[in-house]
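Peer 1: give me a 3D structure for the following:
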Amino acid sequence: MFQQRTDKPGRNGAQSWATWYRSGGLSAVFFALPLVLIFLYFSWGPIVRGLVLSFQKNNLVAPPEWVGMSNFSYVLTDPQLPQAALNTLYFCLLALIFGFPVPLFLAVFISELRKTGWLYNVLSYLPAVVPPVAAILLWTFFYDPSGAGVFNSILGWFGLGPFAWLNSQTLAMPAIVLEATWAGAGATSIIYLAALTGVRTELYEAAELDGAGIWSRVWHVTLPQIRGIILIMMLLQLIGTFQVFTEPFLFTGGGPNNATTTILLLIYRYAFINGDFGAATALSVLLAGVLCVLSVVYHFVTRRWSTT
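Peer 2: Residues are numbered from 1 along each chain as shown. The predicted structure is shown next:
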């Protein structure tokens, strides 16, 4: 008869821990622990603090007062919130329709150039080098509503205008989207150019042998090969456009007649104009929750497209 093993149940686990200890595992933990604690403090610390602050009445001067869900009730019943939400969605829609394809087409155009592609690459990235505040002040000069404004002067050559641009409730948001597209297209096109380098040249050669033109190659070869990157960049743009602040704040301050007031601009007013940091944080938490839900839904909706 074979002799049965009489090892204790915890013997293998004890041996594994001993091996891990002798191999320097404990030293590695002590070495990494300070870095992990610093990361948690500076990354998750503000998140936890923000969650706590959203349940308090706090102006950062007087002692905080616990108010429960009152901040959330206040911001959800604020008559400015529906207008700010609609303006944010309008900005997001315009940015997706007009702003999202621009860097993609720019990257495809530069990739098709053989000798001067580097020059267009540099020129397309220049707007990202310009400080945002300086760029917005420059575009404010372009949007001068008088006939002497840059854009109105150019349109005047064709018998158009002058337009009020930032002073018009109808044109203010499209004007902001135009500047935001100019500022962000160059950096995004660099990402697309990096993705295009991963497309196999054999696919283009086969398409050329079949007589495919440039637009046919782009539609049937380029876009399907980088659709994963396209979907990721679309999600990042959705998240970014929901958090637009700098352009409306510096261009119009939310005007005219609250036509460009966004959710983040409303958060700014709660915190730094009204001094109600609890309400500002509550609206920030709601926005973060909406973006988390949007990201999860987007992931499940586009999961099949990114893998097929």
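
Peer 1: okay, now Arg217: neighbour count?
Peer 2: 19 (other C-beta atoms under 10 Å). (Glycine included, C-beta is placed from N, CA and C.)

Peer 1: show me where pLDDT drops low in this structure?
Peer 2: Where the chain drops to pLDDT under 70, the residues are 1-26, 114-118, 306-308.

Peer 1: break it down into its structural domains.
Peer 2: 2-53, 70-307 (automatic domain parsing).

Peer 1: return the most buried member of those.
Peer 2: domain 70-307 (a mean of 16; mean count of other C-beta atoms under 10 Å).

Peer 1: make sure Gly253 is indeed in a helix.
Peer 2: No - note on Gly253: no helix contains this position according to DSSP: H, G, I helix; E, B strand; the rest coil, which reports coil.

Peer 1: tell me the spacing between it and Thr140.
Peer 2: To Thr140, Gly253 is 12 Å away according to C-beta to C-beta, to the nearest Å.

Peer 1: how about Gly99, what does it touch?
Peer 2: For Gly99, the contact set (C-beta atoms under 8 Å, 6 or more residues apart in numbering) comprises 177, 180-181, 184-185, 237.

Peer 1: strands of this structure, start to end?
Peer 2: 56-57, 65-66 (DSSP state E).

Peer 1: of all those strands, which one is nearest Gln225?
Peer 2: strand 56-57 (50.7 Å; C-beta to C-beta).

Peer 1: show residues contacting stretch 296-303.
Peer 2: 231, 235, 238.

Peer 1: quickly note the distance from the last one to Met69.
Peer 2: Taking C-beta to C-beta as the measure, Leu238 falls 28 Å from Met69.

Peer 1: for this structure, longest helix please?
Peer 2: Looking across the chain with DSSP state H, the single longest helix is helix 277-307.

Peer 1: and it, how far from the chain's centre?
Peer 2: 12 Å (C-alpha atoms, centre = their mean, to the nearest Å).

Peer 1: repeat for stretch 229-248
Peer 2: 3 Å.

Peer 1: kindly report the same for stretch 56-67.
Peer 2: Worked out by C-alpha atoms, centre = their mean, stretch 56-67 lies 31 Å from the chain centre.

Peer 1: which other residues reach that stretch?
Peer 2: With C-beta under 8 Å, 6+ apart, stretch 56-67 has contacts from 53, 55, 70-71, 275-278.

Peer 1: for the residues you listed, which one is nearest Gly198?
Peer 2: For the contacts of stretch 56-67, the nearest to Gly198 is Leu53 (44.0 Å; C-beta to C-beta).

Peer 1: the helices in the stretch 151-300 of the chain, which residues?
Peer 2: 172-196, 201-209, 214-217, 223-225, 227-242, 246-251, 263-268, 277-307 (DSSP state H, counting those that start in this stretch).

Peer 1: ignore the last one, the stretch 1-150 of the chain
Peer 2: Under DSSP H, counting those that start in this stretch, the stretch 1-150 of the chain gives helices at 11-22, 25-39, 45-53, 70-76, 80-94, 101-112, 117-129, 132-142, 150-156.

Peer 1: can you tell which of those is closest to Phe249?
Peer 2: Closest among the helices of the stretch 1-150 of the chain, using C-beta to C-beta: helix 132-142, at 9.1 Å.

Peer 1: quick one, that closest one and helix 117-129 angle?
Peer 2: 90 degrees (axes from the mean of the first three to the mean of the last three C-alpha atoms, to 10 degrees).

Peer 1: what is helix 132-142 packed up against?
Peer 2: helix 150-156, helix 172-196, helix 246-251 (3 or more C-beta pairs under 8 Å, 6 or more residues apart in numbering; DSSP states H and E).
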